[in-house]
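Colleague: My questions concern the predicted model and sequence given below.
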There are 2 protein chains.
Amino acid sequence: MARLVEFDEEQAIQKAMEVFWKKGYAATSMRDLTDAMQINSSSLYNTIGDKHKLFVKCIKHYTKMRIRAVEQRYTNFASPIQALENFIKDAADIITTEANSCMCIKATFEIEGEDPEIQVAVNAYDDFTHQFLKSLIENSQNEGEIDRSENADTIADYLTSVFIGWYNSFVLHKDPIKIRNMADFIIRQLRH
Amino acid sequence: MARLVEFDEEQAIQKAMEVFWKKGYAATSMRDLTDAMQINSSSLYNTIGDKHKLFVKCIKHYTKMRIRAVEQRYTNFASPIQALENFIKDAADIITTEANSCMCIKATFEIEGEDPEIQVAVNAYDDFTHQFLKSLIENSQNEGEIDRSENADTIADYLTSVFIGWYNSFVLHKDPIKIRNMADFIIRQLRH
DNA sequence: AAAATTTTAAAACACTTGTTTCAAATATTT
DNA sequence: AAATATTTGAAACAAGTGTTTTAAAATTTT
């Protein structure tokens, strides 16, 4: 062995993620990144790799964070319909209080099928959310809180779609009340 | 007077729009644009202006196209709820058949509040759709087809959100059936 | 037909891009 | 302490960026 890596990789990835999250992939320069990460580009290329590899790591870091947050918040919830309502309200809350929109949505629309690695990472996150919602919906259906005749996969896809639309709405209008009203509306509709 | 402009500006804008639509703003180079438009950069700067001015013109061209399409398709519809159902199905159809997603959504997430001119143009388009949907919803409510106790603005915002989510879903999964199922689901829910 | 005016094409511009090079610094092993 | 091995910082790299320049081509007015 010889000299050790000086910088904390996780911390550097976190910083890089924040830049990508705010500016997107194409609009972010390597200088932007090395400035934020506080490392030299030679160190970056030595440990992590090129711009694209770094972006992939950042997306994965982002999705890991998000998944962890959900897993922590939604263990042992009383009733599934209550958990679902809470999830919807949390989504509205996150969307209307965070500085930037969702990194995965931004990346999805920026990349649009031209980047398989990013697509796979985003899809994995999407799958997690889908599975999480689906099981809450199925459990709610079993307890008679949601119409049994509707398909749980479709409802889960539908809820995800609504959340994504909320991000867009909030970028355009910056109006938390709009989002709040929609959240109340879809909850009312779900319980029908 | 002297020499006239040789190229057809509307046609050139159309070509530029197609490139921006596919690649986004930052990832599109001036060479990409002049190649597609088949004009020299000096002509571009002489008539239209710089990259950003061109982008603004392209977004406005895009929204004008979209608005025209809706206005043509939805004049004199029998019943408002039928028109609404048709609009929802058309949205599903457009999203699952067009080559790229929506230029405005891409721009919204790429720019994210950092470009007032683009924001205004996208908002104008959003307003048009909102107003169009709202009036269909109100008329449906008056005819007793949609719950009168729900706010038409909220329902319109909600529908717009769903459509935007569909774009995201289709980029990620390329699954038209998912979208179709969601369309059927929200129509069923609206009629409650 | 000449003068005037504008558009066009090609090249050049300065600057930024992502990436690499290379010597100096720093650590580990012998 | 010397030899070895790796990271680091600064500079350099070629290619690409958005934009401008300049002279030739094209059209209208005199």
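Modeller: Noted; the coordinates are in hand.
Colleague: what stretches of chain A score poorly on pLDDT?
Modeller: Along chain A, the parts satisfying pLDDT under 70 run over A:1-4, A:6.
Colleague: now the helices for it?
Modeller: Here chain A has its helices, by DSSP state H, at A:9-23, A:30-37, A:41-47, A:51-73, A:80-97, A:103-111, A:116-142, A:152-173, A:176-191.
Colleague: Show me the one of the ones you listed that comes nearest residue B:47.
Modeller: Smallest distance to residue B:47 across the helices of chain A (CB to CB): 29.2 Å, for helix A:103-111. In short, each C-beta sits where N, CA and C put it, glycine included.
Colleague: For residue A:139, which non-adjacent residue is closest in space?
Modeller: With CB to CB, 6 or more residues apart in numbering or on different chains as the criterion, residue A:139 has its nearest non-adjacent residue at 3.5 Å, and that residue is residue A:80.
Colleague: What is the neighbour count of that neighbour?
Modeller: 19 (other CB atoms under 10 Å in any protein chain shown).
Colleague: re earlier: go through the helices of chain A and name the closest to residue B:101.
Modeller: The nearest among the helices of chain A, by CB to CB, is helix A:103-111 at 6.3 Å.
Colleague: which other helices and strands contact the closest one?
Modeller: helix A:9-23, helix A:51-73, helix A:116-142, helix B:103-111, helix B:152-173 (3 or more CB pairs under 8 Å, 6 or more residues apart in numbering or on different chains; DSSP states H and E).
Colleague: and the fourth one with helix A:9-23, angle?
Modeller: Just to be clear, that refers to helix B:103-111. Put simply, helix B:103-111 runs at 130 degrees to helix A:9-23, going by axes from the mean of the first three to the mean of the last three CA atoms, to 10 degrees.
Colleague: contacting residues around helix B:103-111?
Modeller: Identification of contacts with helix B:103-111 by CB atoms under 8 Å, 6 or more residues apart in numbering or on different chains yields A:24, A:27, A:101, A:105-106, A:109-110, A:112, A:167-168, A:171-172, B:17, B:20-21, B:24-26, B:58-59, B:62-63, B:100, B:118-119, B:122, B:125-126, B:164, B:167.
Colleague: Over to stretch A:19-37?
Modeller: Contacts for stretch A:19-37 (CB under 8 Å, 6+ apart): A:7, A:12, A:15-16, A:18, A:40-41, A:44, A:51, A:54-55, A:58-59, A:62, A:99-100, A:103, A:106-107, A:110-111, B:24, B:26-27, B:109-110, B:112.
Colleague: dump the residue contacts of residue A:52.
Modeller: Counting by CB under 8 Å, 6+ apart, residue A:52 has contacts residue A:117.
Colleague: Any idea how far stretch A:43-62 is from the middle of the chain?
Modeller: 18 Å (CA atoms, centre = their mean, to the nearest Å).
Colleague: returning to that earlier point: now the helices of chain A in TSV, please, with extra columns for distance to residue B:84.
Modeller: Converted to TSV, those look like this (distance: least, CB to CB, whole Å):
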stretch	distance to residue B:84
helix A:9-23	37
helix A:30-37	45
helix A:41-47	52
helix A:51-73	34
helix A:80-97	24
helix A:103-111	26
helix A:116-142	25
helix A:152-173	17
helix A:176-191	16
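Colleague: and residue B:147, which of those helices is closest to it?
Modeller: Per CB to CB, nearest to residue B:147 of these: helix A:176-191, 9.3 Å.
Colleague: Keeping just the C-alphas, turn that closest one into CSV.
Modeller: Extracted in CSV, the C-alpha atoms of helix A:176-191 (Å, rounded to 0.1, in the frame of the first residue of the first chain):
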residue,chain,number,x,y,z
PRO,A,176,-48.7,25.1,-1.8
ILE,A,177,-52.4,25.5,-1.5
LYS,A,178,-53.0,24.1,-4.9
ILE,A,179,-51.1,21.0,-3.9
ARG,A,180,-52.8,20.7,-0.6
ASN,A,181,-56.2,20.9,-2.3
MET,A,182,-55.3,18.2,-4.7
ALA,A,183,-54.1,16.0,-1.9
ASP,A,184,-57.3,16.4,0.0
PHE,A,185,-59.2,15.7,-3.2
ILE,A,186,-57.5,12.5,-4.1
ILE,A,187,-57.8,11.2,-0.6
ARG,A,188,-61.6,11.9,-0.7
GLN,A,189,-61.8,10.1,-4.0
LEU,A,190,-59.9,7.1,-2.9
ARG,A,191,-62.2,6.5,0.1
